[in-house]
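S.K.: below: sequence and its predicted model.
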Amino acid sequence: MSVRTKELAIVDVETTGGNASSNRIIEIAVIRVSGGELKETFSTLINPETSVPPFVAWLTGIRGADLRGAPLFADIKDRLLELFDGALFVAHNARFDYSFVRSEFEREGVTFSPQLLCTMRLSRHLFPQFRQHGLDSIIGRHGITVAERHRALGDARAVWDFLRQLDTSYGSERLTDALTRVLKKPAAPMLISQSLLDGLPERPGVYIFYDSQGTPLYVGKSINVKSRVLSHFSVEEDSIRSEILRKTVTDIEVVPMMGELGALLMEASHIKKLAPALNKRSRPGKKIVIARRVKGKEGYETVEVV
């Protein structure tokens with residue numbers, strides 16, 4: 001397996017904010033690669049039908065006035081579906097870009113669920129000696145030239161350059177192993193139906209794992225419930241907790257939320273109320289205090305707290 005044997009759609013988006021449930025795409029770029037060769041490049045501004053925050057305008061150089069004549073996402077969705085057809089969705093920190101693209105398609109009534117290849121995760125596998133794997137770090141470490149940083153096409157081209165370097169500079173066995181690990185699908189829990197997993201929402205919420213007796217085992221929260229739930233059962237997750245969950249979870253309850261803050265508060269409330277066995281770090285601690293009567297050096301009785 002290598003980037004030469006895969007159909008790739010390398011994607012980057014610029015957005016009005018960091019949460020796909022409440023923000024919109026203002027620019028998208030897709031580079032279609034087939035057989036290791038660049039086949040098509042597509043890039044456009046998108047009218048988000050909302051304002052552009054000052055920080056985003058400063059970072060990207062894209063202002064509200066630039067978007068007034070831009071197409072709506074609905075105007076380009078069919079073109080994007082052509083570019084994504086049969087390809088891996090490739091991006092740096094892929095869940096971010098994917099969450100926005102999926103949300104935009106969802107608003108148009110289109111189901112979008114491609115297989116993802118995250119080049120940030122790929123970098124972590126290949127270069128574990130480095131702590132930073134953001135796009136700026138990749139660009140600097142690999143000497144990649146970027147004409148327009150924080151613009152969709154410039155960043156997508158940087159990702160493509162990174163992949164080409166990996167394909168030519170590293171042994172096929174090492175790269176194949178890294179790609180296999182990054183693309184590996186989570187292992188489904190033993191007692192959960194695939195239909196239940198497929199139906200999990202890809203938006204903010206709180207999730208609760210139950211065993212066959214209806215006992216709550218674990219409470220968690222995420223801005224993407226489906227992704228986070230599946231990560232608990234990933235073959236790469238070898239913690240004792242994940243092993244217990246894989247073997248004992250029979251049901252999953254989801255409480256949808258509007259955003260991350262609400263999910264955080266709801267998670268804390270459910271942990272306090274349900275006291276699930278595997279949320280040890282988040283459960284309130286309990287201490288036993290003993291008060292005993294002792295006689296001091298001068299013969300007076302006093303109380304010692306232990």
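M.R.: Received, thanks.
S.K.: quickly find the element holding the nearest residue to Gly18 once chain neighbours are set aside.
M.R.: Residue nearest to Gly18 in three dimensions, not counting chain neighbours: Phe96, with 7.7 Å by CB to CB, 6 or more residues apart in numbering. From N, CA and C alone the C-beta is placed, and that goes for glycine too. Using DSSP states H and E, Phe96 sits in helix 94-107.
S.K.: my read: Arg157 touches Val33, true?
M.R.: No: contact criterion CB atoms under 8 Å: Arg157 and Val33 do not qualify, at 11.4 Å.
S.K.: any idea how far the residue nearest to Gly18 lies from Asp78?
M.R.: Phe96 is 24 Å from Asp78, where distance means CB to CB, to the nearest Å.
S.K.: looking at the two, which has the bigger crowd around it?
M.R.: Phe96 (20 against 10; other CB atoms under 10 Å).
S.K.: tell me how far that one lies from Arg24.
M.R.: Phe96 sits 14 Å away from Arg24, going by CB to CB.
S.K.: same deal with Val303?
M.R.: As for Val303, its distance to Arg24 is 64 Å (criterion: CB to CB).
S.K.: these two: which is more packed in?
M.R.: Neighbour count, other CB under 10 Å: between Val303 and Arg24, Arg24 has more, with 20 against 8.
S.K.: pull out the buried positions in the one helix or strand in the chain whose mean pLDDT sits lowest.
M.R.: Here the helix or strand of the chain ranked lowest by mean pLDDT, DSSP states H and E is helix 172-183, holding a mean of 76. For helix 172-183, burial by neighbour count (16 or more other CB atoms under 10 Å) applies to Leu175, Ala178, Leu179, Val182, Leu183.
S.K.: so Leu117 sits against Arg181, correct?
M.R.: No: counting by CB under 8 Å, no contact exists between Leu117 and Arg181, whose distance comes to 11.4 Å.
S.K.: can you pull the pLDDT of Val225?
M.R.: pLDDT, Val225: 90.
S.K.: go ahead and confirm Thr119 touches His92.
M.R.: Yes: at 4.8 Å, Thr119 counts as touching His92 under the criterion of CB under 8 Å.
S.K.: overlap of the contact sets of the two?
M.R.: Ile138, Val159 (CB atoms under 8 Å, 6 or more residues apart in numbering).
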